[in-house]
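Student: Mind folding the following:
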Amino acid sequence: MSVRITDDIHFASSNISFGRITSVPGFEAQTEWTVGRLVGERSYVVKAKTHSGAKKRMRLLSSGKVKRKQTGMRHLLSPHKSKGKRQAGKTAYVHSANMNQTRRLLNF
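Tutor: Prediction:
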């Protein structure tokens, strides 16, 4: 089944336009889906931006892993055991279950 864009829907409050896709059986057309902003009569695609909070907290390694700091080392450390504080000071890596979210935040 192929799809075709019939017309654009424009949301005036946010200046974002979305193409409405309708399925047309037997019509072989290339699918186009654009998300962009309208400036006057010209539309352009919004650039993907790195999440500013994520880029301050995580680093991408050449191996493809993402390095991060562990939590629990900022304040109220006196009731914590020395072993827990020592282990929390070490570098940790983002788990594979969270890599899709991390890729979306860091754009890689």
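Student: F108 reaches L60, doesn't it?
Tutor: Yes - using CB atoms under 8 Å, F108 is in contact with L60, at 5.9 Å. For glycine as for every other residue, the C-beta is placed from the backbone atoms N, C-alpha and C.
Student: Tell me which of these two has more neighbours.
Tutor: L60 (15 against 10; other CB atoms under 10 Å).
Student: give me the beta-bridge partners of the more buried one?
Tutor: Beta-bridge pairing of L60 under DSSP bridges involves V66.
Student: In contact with it, which residues?
Tutor: Shown in contact with L60 (CB atoms under 8 Å, 6 or more residues apart in numbering): V66, K67, L106, F108.
Student: Send me the regular element (helix or strand) spanning L105 as CSV with only the CA atoms.
Tutor: In this structure, L105 sits in helix 99-106 according to DSSP states H and E. C-alpha atoms of helix 99-106 as CSV (Å, rounded to 0.1, in the frame of the first residue of the first chain):
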residue,chain,number,x,y,z
MET,A,99,20.5,3.6,24.8
ASN,A,100,17.6,4.5,22.6
GLN,A,101,16.6,7.4,24.9
THR,A,102,20.3,8.5,25.1
ARG,A,103,20.7,8.4,21.3
ARG,A,104,17.6,10.6,20.9
LEU,A,105,19.0,13.1,23.5
LEU,A,106,22.6,13.2,22.1
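Student: for this structure, what spans make up the strands?
Tutor: Applying DSSP state E to the chain gives strands spanning 2-11, 16-24, 35-39, 42-45, 58-60, 66-69, 91-93.
Student: Now the helix holding L105: average pLDDT?
Tutor: Regarding helix 99-106, the rounded mean pLDDT is 94.
Student: packing partners for it?
Tutor: Applying 3 or more CB pairs under 8 Å, 6 or more residues apart in numbering; DSSP states H and E, we find helix 99-106 packed against helix 52-57, strand 58-60, strand 66-69.
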